[in-house]
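Asker: here is my input; please provide its structure:
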Amino acid sequence: MKTGDELPPLEIPITRTLIVAGAIASRDYQDVHHDPELARQKGSPDIFMNILTTNGLVGRYITDHFGPRTVLRKVAIRLGAPNYPGDTMVLTGTVEALEGATATVRIVGTNRIGHHVTGTVTFSIRDAE
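Answerer: Okay, here's the model as predicted:
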């Protein structure tokens, strides 16, 4: 791994099940994450993914690529365009910094509207035991 390396993209289909399951798993019971009618009443065209689900998917992207010895040290993300049912989010990453066994990857997740998530993930690779 070296600075500037690009990770292969990961396509994640955004389904109602993923949105609702992620909200329930993270104990986020806000109606905009599970009730389409109430989401519309609040100005959204449909339910949308919560930040905790996005955070988990970003972490998965890194650990799937770098392997089971990957230890996430810091995940710093910012949400943009919502992820609605029927979207596909494409995560991409670029190695931004390396310092010993620690690396930082810049993450971008896009959907049909634009950037859903941007940020960085700092991690290290644990030594084999």
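
Asker: let me see the contact set for Asp64.
Answerer: When contacts are counted by CB atoms under 8 Å, 6 or more residues apart in numbering, Asp64 touches Leu10. In short, each C-beta sits where N, CA and C put it, glycine included.

Asker: for stretch 2-14, give the mean pLDDT please.
Answerer: Confidence for stretch 2-14, expressed as mean pLDDT, is 96.

Asker: now do stretch 35-46
Answerer: 93.

Asker: next, the closest residue to Ile62 other than its chain neighbours: phi, psi?
Answerer: The shortest distance from Ile62 to any non-neighbouring residue, by CB to CB, 6 or more residues apart in numbering, is to Val121 (5.0 Å). Main-chain torsions, Val121, degrees, to the nearest 10: phi -130, psi 120.

Asker: list the buried ones in the longest helix seen in the chain?
Answerer: Longest helix in the chain by number of residues (criterion: DSSP state H): helix 51-66. For helix 51-66, burial by neighbour count (16 or more other CB atoms under 10 Å) applies to 53-55, 57-59, 61-63, 66.

Asker: now it, how far from the chain's geometric center?
Answerer: 5 Å (CA atoms, centre = their mean, to the nearest Å).

Asker: quick check: next helix or strand after it?
Answerer: strand 70-79 (DSSP states H and E).
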